[in-house]
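>>> sharing a model that was predicted from the sequence below.
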Amino acid sequence: MKTFTKGFIIALLLGLGFSANAQKHVHGEGELLIAQQGNVLQMQFIIPAADALGFEHQAASSTDKNAIDVLAQQLKNSSHAIDIKGQCILQSTENSLAHSHDEHADLHSHDHHNVEATYNFNCKTPVRGFTVTLFKLMPSLNALNVQWISNTGQGSTEVTRNNPVISWQS
């Protein structure tokens, strides 16, 4: 499922040229990539570690390691990231913090690091939009650049702490 998930999102978004804006690193701003095909809805959040964790350096202290563990647990629950309008069941989730601390320390060996969280849903009704709840979890995150491919088309927008709602019509 992991390979399918990443392949599905990457293939769809690369095919439409969305990758050019993805993976930029601006503190306070993140990315949200959405792919919907039939009943399958996949979302990938890409957030600067400084906004997600409060730091980007190698986690050496117990406080830093605890922050990683807490956020990894919180990101397993999709309600900490999104509130979907529609009847969807979370099928799987993964995040880049779900590694051992030794592996995670290697990820912090460069200047900038992003935290990624991917959610896969099976939706019984068409998804017409949702509210981003991730802003409540990450106080320094101010905006997400959103790009999507849905059953009804494609588009992009920006959501902010003050306007966290994304919607599209079917």
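Structure received.
>>> so, low pLDDT: which residues of the chain?
For the chain, the stretches flagged by pLDDT under 70 are 1-25, 98-112, 169-170.
>>> one more time with 80, if that's ok
1-27, 56-58, 60, 85-86, 98-112, 126, 128, 151, 168-170 (pLDDT under 80).
>>> who are the contact partners of the most centrally placed residue in it?
Closest residue to the average C-alpha location of the chain: Phe45 at 1.3 Å, with CA atoms, centre = their mean. Counting by CB atoms under 8 Å, 6 or more residues apart in numbering, Phe45 makes contact with 30-32, 81, 115-118, 134, 144. Placement of C-beta: from N, CA and C, glycine included.
>>> if you rank those by neighbours, which is first?
Gly30 (28 neighbours; other CB atoms under 10 Å).
>>> following the helix or strand harbouring Ile46, which helix or strand comes up?
Applying DSSP states H and E as the criterion places Ile46 in strand 40-48. For strand 40-48, the succeeding helix or strand toward the C-terminus, using DSSP H and E, is helix 49-52.
>>> any idea how far Asn162 lies from Glu56?
Note on Asn162: its distance to Glu56, by CB to CB, to the nearest Å, is 26 Å.
>>> neighbour-wise, which of those two wins?
Glu56 (20 against 8).
>>> excluding its backbone neighbours, what's nearest Gly38?
Asn151 (7.0 Å; CB to CB, 6 or more residues apart in numbering).
>>> ok now do that neighbour, which residues does it touch?
36-38, 126, 170.
>>> now do the helices in the chain.
Counting by DSSP state H, the chain has helices at residues 2-15, 49-52, 62-75, 101-107, 134-137.
>>> hmm, Ala81 is touching Leu75, no?
Yes. Taking CB atoms under 8 Å as the definition, Ala81 is a contact partner of Leu75 at 6.8 Å.
>>> where do the contact lists of the two overlap?
Contacts common to Ala81 and Leu75, judged by CB under 8 Å, 6+ apart, are Ala117.
>>> show me what Leu33 is bridged to.
Gln44, Gln147 (DSSP bridges).
>>> count of residues packed around it?
The number of residues near Leu33, taken as other CB under 10 Å, comes to 25.
>>> for Leu144, see how far away it is.
On the measure of CB to CB, Leu33 and Leu144 end up 10 Å apart.
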